[in-house]
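Participant: Sharing a model that was predicted from the sequence below.
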Amino acid sequence: PLMDKRRYVESIIAGIRIYAHPEFRLCVTMNADSSTYEIPEYIQSRLQPKIYIEFPNKIDEFKILKYNLPFVSEEMLEYCVNFLQNAHVHDEPYTVRDGINILRYYTKSRLMKEEDQDKLDKKTFEGVMIQVLEEEALKYLPGNYEEFLKKQKESISFKIFKDFDEVEDYYDKVVKKPDKD
């Protein structure tokens, strides 16, 4: 009953009831990914107000990456931010933390191979992304993203025209009656 108007907790074993201070507030945070359990509805109904935090914008995301990875080149930061922003448009759960992990892994792998860590090698970057995230994430990389959008647009257009053809066929068969001579 702590989160409703009664505002107390009770221990049956100890036989005590503790009332909340009038200014007591409870703050709950939760990531919206599949690795977490859902908060039960009876608790959710008592959590008011709810504040949803959106992904950071491009400038803020760049600043966060730059702050955490000051040794990474601007080109790689920009490439990673563009990936994250593309993914956000499609409500993918890739976060700035994922970007940090990708860039750390990428720079370490380049150092291990004694390659220039400041140079963006897109093939190596893709390999790192598969290791850190999943192969499905590659479609949001700059270059791949434009092709993904094109395929998505064609798929939607095909569906619309297919549905339109079905409506037109129905109209011709049922609604539009043939002329009787």
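Facilitator: Here it is on my side, so go on.
Participant: okay, CA-based contacts and neighbour counts for the rest of this
Facilitator: OK.
Participant: For D118, give its distance to G127.
Facilitator: 17 Å (CA to CA, to the nearest Å).
Participant: now swap in I12 and tell me
Facilitator: 56 Å.
Participant: same question, L47
Facilitator: On the measure of CA to CA, L47 and G127 end up 42 Å apart.
Participant: show me where pLDDT drops low in this structure?
Facilitator: 31-36, 156-181 (pLDDT under 70).
Participant: Which residue ranges make up the domains of it?
Facilitator: Using automatic domain parsing, the domain parsing of the chain gives 1-53, 58-142.
Participant: so which of those domains is the most packed in?
Facilitator: domain 58-142 (a mean of 16; mean count of other CA atoms under 10 Å).
Participant: Show me the helices in this structure, by range?
Facilitator: Ranges of helices in the chain, per DSSP state H, are 41-44, 58-68, 74-89, 96-112, 122-132, 144-170.
Participant: With distance to F24 as added columns, please give these in a markdown table.
Facilitator: Listed next are those as a markdown table, based on distance: least, CA to CA, whole Å:
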| stretch | distance to F24 |
| --- | --- |
| helix 41-44 | 17 |
| helix 58-68 | 32 |
| helix 74-89 | 35 |
| helix 96-112 | 32 |
| helix 122-132 | 40 |
| helix 144-170 | 47 |
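Participant: if I pick L47, what's in contact with it?
Facilitator: By CA atoms under 8 Å, 6 or more residues apart in numbering, L47 lies in contact with M3.
Participant: if we go to 10 Å?
Facilitator: Shown in contact with L47 (CA atoms under 10 Å, 6 or more residues apart in numbering): M3, D4, L26, C27, V28, E41.
Participant: surely the fifth one meets K50?
Facilitator: Yes. Counting by CA atoms under 10 Å, V28 touches K50, with 9.4 Å between them.
Participant: joint contacts of these two?
Facilitator: Q44.
Participant: Quick one: the domains of the chain as a markdown table, columns for distance to L149 too.
Facilitator: As requested, these are arranged in a markdown table below (distance: least, CA to CA, whole Å):
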| stretch | distance to L149 |
| --- | --- |
| domain 1-53 | 24 |
| domain 58-142 | 9 |
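Participant: what's the closest of those domains to S155?
Facilitator: Across the domains of the chain, S155 has its closest neighbour in domain 58-142 (15.6 Å, CA to CA).
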